[in-house]
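**Q** Below are the sequence and a predicted model; questions follow.
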Amino acid sequence: MRKKYSLIGLAVILLAAAAAYGAWWWVMERPVPMTAERVDYVVEAGSGPKAMARTMKEAGIAVDEQQFALLARLTEQDTLLQAGAYEAVRGDTLWRLLERMAQGDMMQTRLTLVEGWDYKRIRQQLADSPDVKQSLAGVSDEELLTRLGATAKHPEGLFYPDTYVFVPGSNDFDILRRAYQAQNELLERLWAKRDPDLPLKTPYEALILASIVEKETGHSADRERVAGVFINRLRIGMLLQTDPTVIYGMGDKYQGRIRKSDLQTDTPWNTYTRAGLPPTPIASPGKAALMATLHPEKHDYLYFVSRGDGTSEFSKNLRDHNRAVQQYILKRN
């Protein structure tokens, strides 16, 4: 009789174990129902397992909060779960969802800041991206620069044009900070290896001139030569007389065409009316423009004019320059 009860007890234990395993498998391995083939969700910083499960549920992933929290605790992954943007795929199990967040396997997207864009255009690009969280509404340029730790008084040119990969939901300030740090680090590195005897006193002056080179260069092969023209002019105290600085100083008044009166209207950025470099960059220069500025081509050219095909015609004196203007500008108009 005792043996019979022992066998019954063993059977009960085995059945209980099988039931427990079945329940565990059901929780761990069965696909979690979803409202779509792919469901995106964003876990906010500071969320615990239950809050994460609630976020998934609200997004359309049928996760049981208690089961998710228990699974996270029993597998000791509850302290590893990371905030961020995730994508769940139909067929994902509860375990896969948990594992993905414990490993920080987040969604990523990208945003490109183009060489030659001004600060206003960069801010617009950030504002237009649905993946960027807006946090700078009402923040002045002065406050932004303070938060960045910048010594410059104007944000123009401080942000490196590049493609930035980030987690959806990242805020605009974080992306700007990355771009600021990238530009600052690149400028410091290139400034340390600059050509000797350049008429540039500081890295910021190099940034200003590089922004002009960026805007004036339609053909990459001309970049060092264009930089050389401006370096030559700075050396002899000649006005830079570059149209992009006039356009920048005009601001919203610029409607696609510069008139003679615009060249004669003084602004802090008008290099037809003011000697030397303008007070700030006029755009964000890329690495190639910075390199050209700090390693310009050595020549005797003082003038250049667009040929209309992206390349430029260079001249050493005003007579030849006027002839080039007649050939490439006046005849074209």
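**A** Yep, it's here.

**Q** all contacts plus neighbour counts: C-alpha atoms, from now on.
**A** OK.

**Q** Residue 321 and residue 306: what is the separation?
**A** Going from residue 321 to residue 306 by Cα to Cα, to the nearest Å gives 11 Å.

**Q** and the one helix or strand residue 165 maps to, what other elements does it pack with?
**A** Element membership of residue 165, judged by DSSP states H and E, is strand 163-166. Judged by 3 or more Cα pairs under 8 Å, 6 or more residues apart in numbering; DSSP states H and E, the packing partners of strand 163-166 are strand 109-112.

**Q** The residue lying closest to residue 190 once chain neighbours are set aside: neighbour count?
**A** Take residue 190 and drop its neighbours on the chain: the residue closest to it by Cα to Cα, 6 or more residues apart in numbering is residue 291, 7.1 Å away. Neighbourhood size, residue 291 [other Cα atoms under 10 Å]: 20.

**Q** Remind me which helix or strand residue 291 belongs to.
**A** Going by DSSP H and E, residue 291 is in helix 287-294.

**Q** Check which helices and strands that helix sits against.
**A** Using 3+ Cα pairs under 8 Å, 6+ apart, helix 287-294 is in contact with helix 172-191, helix 203-216, helix 223-236.

**Q** Count the residues that sit near residue 66.
**A** 12.

**Q** That one and residue 50 touch, don't they?
**A** Yes - with contact defined as Cα atoms under 8 Å, residue 66 reaches residue 50; the gap is 7.0 Å.

**Q** if we can go back for a sec, from the helices and strands packed on helix 287-294, which stretch is densest packed?
**A** Of all the helices and strands packed on helix 287-294, helix 203-216 carries the top mean neighbour count, a mean of 25, counting by mean count of other Cα atoms under 10 Å.

**Q** pull the CA atoms of that one into PDB?
**A** Taking C-alpha atoms only, helix 203-216 is exported to PDB below (Å, rounded to 0.1, in the frame of the first residue of the first chain):
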ATOM      1  CA  PRO A 203      40.600  78.100 -35.200                       C
ATOM      2  CA  TYR A 204      37.400  80.100 -35.200                       C
ATOM      3  CA  GLU A 205      38.800  82.400 -38.000                       C
ATOM      4  CA  ALA A 206      39.700  79.200 -39.900                       C
ATOM      5  CA  LEU A 207      36.100  78.100 -39.400                       C
ATOM      6  CA  ILE A 208      34.800  81.400 -40.700                       C
ATOM      7  CA  LEU A 209      36.900  81.300 -43.900                       C
ATOM      8  CA  ALA A 210      36.100  77.600 -44.400                       C
ATOM      9  CA  SER A 211      32.400  78.400 -44.400                       C
ATOM     10  CA  ILE A 212      33.000  80.900 -47.200                       C
ATOM     11  CA  VAL A 213      35.100  78.400 -49.200                       C
ATOM     12  CA  GLU A 214      32.300  75.900 -48.700                       C
ATOM     13  CA  LYS A 215      29.700  78.300 -50.200                       C
ATOM     14  CA  GLU A 216      32.000  79.500 -53.000                       C
END
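
**Q** helices and strands around that helix, which ones?
**A** Other elements packing on helix 203-216 under the criterion 3+ Cα pairs under 8 Å, 6+ apart are helix 172-191, helix 223-236, helix 243-250, helix 287-294.

**Q** how much does the second one deviate in direction from helix 287-294?
**A** The one in question is helix 223-236. Put simply, helix 223-236 runs at 40 degrees to helix 287-294, going by axes from the mean of the first three to the mean of the last three Cα atoms, to 10 degrees.

**Q** I'd like to know which of the helices and strands packed on helix 203-216 is closest to residue 212.
**A** Closest approach to residue 212 among the helices and strands packed on helix 203-216 (Cα to Cα): helix 243-250, 7.0 Å.
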